[in-house]
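Student: Give me a 3D structure for the following:
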Amino acid sequence: MSPSRGALAAGAALTAAVAVTVTVLVWPEGSGERGATDASRPPATSALSPSPSPTPSPTRSYPLSKAPRTIPAVREHTAARGPGWRPGKDSAVVVADGGGALADEGKLLAGELKIRYRGEVPARAGDVELALTPKAAGGPESYTLRTADGRVRISGPGEAGVFYGTRTLKQSVRADGAMPEGVVRDRPAKPQRGLNLDIARKHYSASWIEDRLREMADLKLNQLGLHFSDDQAFRIESDTHPEVVSADHLTKAQVRHIVALARRLHIEVVPEIDSPGHLGAVLRAHPGLQLHNAAGVASAGSLDISKPGAAELLDELLGEYTELFGGAFWHLGGDEYRALMARDPAASYPQLQRAAVAKYGAGAGIADLATGWLNDRADVVRAHGMRPKAWNDGQFRDSKVRADRDIEVEYWTGKEYGARPPEQYLREGRKLLNLNDEYLYYVLGQPNDFVYPTGERIYEQWTPLVLRGTTPVPARYSGQILGGRFAVWGDFPNAQTPAQVAAGIRMPLRATAQKLWVPGKPALSWTKFRALAKEIDAG
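Tutor: Purely as a prediction, here's the structure:
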């Protein structure tokens, strides 16, 4: 969640094959990857360096290849002797028989490599072939990229994996002019990897958001969180409640275009309307639903969930926007409800206390009412085929009513009311997504002791196990940690222009992508990683 809600890669052209130094990549136990490569094939290697010009066909005169240089790094490369592959005037991208679903991926790659797309036809010398192999092991985001005999074949059990293989090829060509000989076998360490963007407090154009999607796709990130409603503004056109929409906003046509682009790039958009707090923009149009304390003082951004109209309003908005976005996930928010931040919630907000007792019986409190609200909204989004998510501080330890078990916990802080150490959620068997505000929060204006995070710090210190502060949770919980998102929050929206935000998050986003794709300490130093990013970007 946002903190104010807290106190509130030109690489030199590769001429051919590469150096003879080899290393075997062995991944940590529990990473879900193989260790050393099979004895029947050459060892796995990890980088390219120039060597003499290739002869027309692979011979033992070529040194063993090294892994392609990409961000994130590939997890396994089996070295081979040969010239590798580079795009030529007769090269084309083709799709294997039965792989017509990969046409979008093929056309995109062909355009990026400046070669032709020939469709679902047999591959020829010099071509890149994309193929679906549904029975292959490794999961839908895994892929195999084989470079041999002057051609490249990228295959995987799912479209996403094949797409990620095209990103590896694109980056290798941009960094070094070619794809090295050998076989890449690759897949992500974590299933959810992304960027969270606050478009409520700072308006971003549709084209700016689309540029971030393309950047994310090259980094093999697969989630874009869109926080589009807060106290300051409501930023997407509405048919059911046009009165809540702010002047600067995205039209539904623009949102549909963003979502369609994201799907082509294998990115899930995770929309969020936060409630029952952070609803100031909605409440300005519906003041009768504003929460007031016993003294009649309005509670900023807070909805009075004891009023029947409150649920009706939110559920109409949820129904409208779940249909607009579709997709796998919906973020319910749930954090920083002002009523629960009072010293004595029951005394300060007696109407909420009475509603809690009436609904849940004697002994119930406002935390129970808020948790019930969260569960009821989860029911709404489930009915539209979406999985609910909520911030960790909206899921309480001691409430009589417990948050539904399938609500994914997005962990951002241990400092707010209701927040508790991540181990407590993990011991309950809950799954967590890492948005650690110590490393992954880019807060415009740097309020409340926040500083703009650096890619170096993320690259060298953070891992998905570091959910709160700087201390990792025990490794036995790794399987419950779904991944993470780097988050941009617009507390002081004019502190940076959109162009400055894009530049500021460039290296942190690359570091985050590396740490979510490849387990363990990166092979490259930060200096070399940063230089590689510059080469890829300039290629």
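
Student: Report the contact partners of the closest residue to residue 319 other than its chain neighbours.
Tutor: Spatial nearest neighbour of residue 319, chain neighbours left out: residue 380 (6.9 Å); criterion: C-beta to C-beta, 6 or more residues apart in numbering. (C-beta placed from N, C-alpha, C; glycine too.) By C-beta atoms under 8 Å, 6 or more residues apart in numbering, the contact set of residue 380 is 315, 318, 319, 322.

Student: Surely residue 380 is within a strand?
Tutor: No - using DSSP: H, G, I helix; E, B strand; the rest coil, the assignment for residue 380 is helix, not a strand.

Student: For the stretch 201-350 of the chain, which segments count as strands?
Tutor: 223-229, 268-275, 290-292, 298-303, 329-333 (DSSP state E, counting those that start in this stretch).

Student: got it, and the stretch 351-500 of the chain?
Tutor: 387-391, 408-411, 432-434, 441-443, 481-489.

Student: Need those in JSON lines (columns: mean pLDDT and mean neighbour count).
Tutor: JSON lines is the format used below for the strands of the stretch 351-500 of the chain (pLDDT from 0 to 100; neighbours: other C-beta atoms under 10 Å):
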{"stretch": "strand 387-391", "mean pLDDT": "98", "mean neighbour count": "23"}
{"stretch": "strand 408-411", "mean pLDDT": "98", "mean neighbour count": "25"}
{"stretch": "strand 432-434", "mean pLDDT": "98", "mean neighbour count": "26"}
{"stretch": "strand 441-443", "mean pLDDT": "98", "mean neighbour count": "24"}
{"stretch": "strand 481-489", "mean pLDDT": "98", "mean neighbour count": "26"}
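
Student: for the ones you listed, which one sits closest to residue 355?
Tutor: Closest approach to residue 355 among the strands of the stretch 351-500 of the chain (C-beta to C-beta): strand 387-391, 20.4 Å.

Student: Next, the angle from the closest one to strand 223-229.
Tutor: 70 degrees (axes from the mean of the first three to the mean of the last three C-alpha atoms, to 10 degrees).

Student: Just checking: what are the partner strands of strand 387-391?
Tutor: strand 329-333 (parallel), strand 408-411 (parallel) (DSSP bridges).

Student: Indicate which one of those is closest to residue 345.
Tutor: Closest among the strands paired with strand 387-391, using C-beta to C-beta: strand 329-333, at 18.6 Å.

Student: Need the residues that contact the closest one.
Tutor: Contacts of strand 329-333 (C-beta under 8 Å, 6+ apart): 1, 223, 225, 227, 268, 270-275, 277-278, 318, 322, 374, 377-378, 381, 384, 386-391, 394, 407-408, 410.

Student: and those, which are buried?
Tutor: Buried members of these, scored by 16 or more other C-beta atoms under 10 Å, are 1, 223, 225, 227, 268, 270-275, 277-278, 318, 322, 374, 377-378, 381, 386, 388-391, 394, 407-408, 410.

Student: which residues does the closest residue to residue 486 other than its chain neighbours contact?
Tutor: Spatial nearest neighbour of residue 486, excluding adjacent residues (C-beta to C-beta, 6+ apart): residue 512 at 4.5 Å. With contact taken as C-beta under 8 Å, 6+ apart, residue 512 is in contact with 193, 221, 440, 458, 484, 485, 486.

Student: show me the contacts for the first one.
Tutor: Residue 193 sits next to 220, 221, 222, 223, 483, 484, 485, 512, 513, 516, 517 when contact means C-beta under 8 Å, 6+ apart.

Student: related to what we said a few turns ago, could I get the strands of the stretch 351-500 of the chain as CSV with distance to residue 133?
Tutor: Output for the strands of the stretch 351-500 of the chain, formatted as CSV (distance: least, C-beta to C-beta, whole Å):
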stretch, distance to residue 133
strand 387-391, 28
strand 408-411, 30
strand 432-434, 30
strand 441-443, 39
strand 481-489, 25
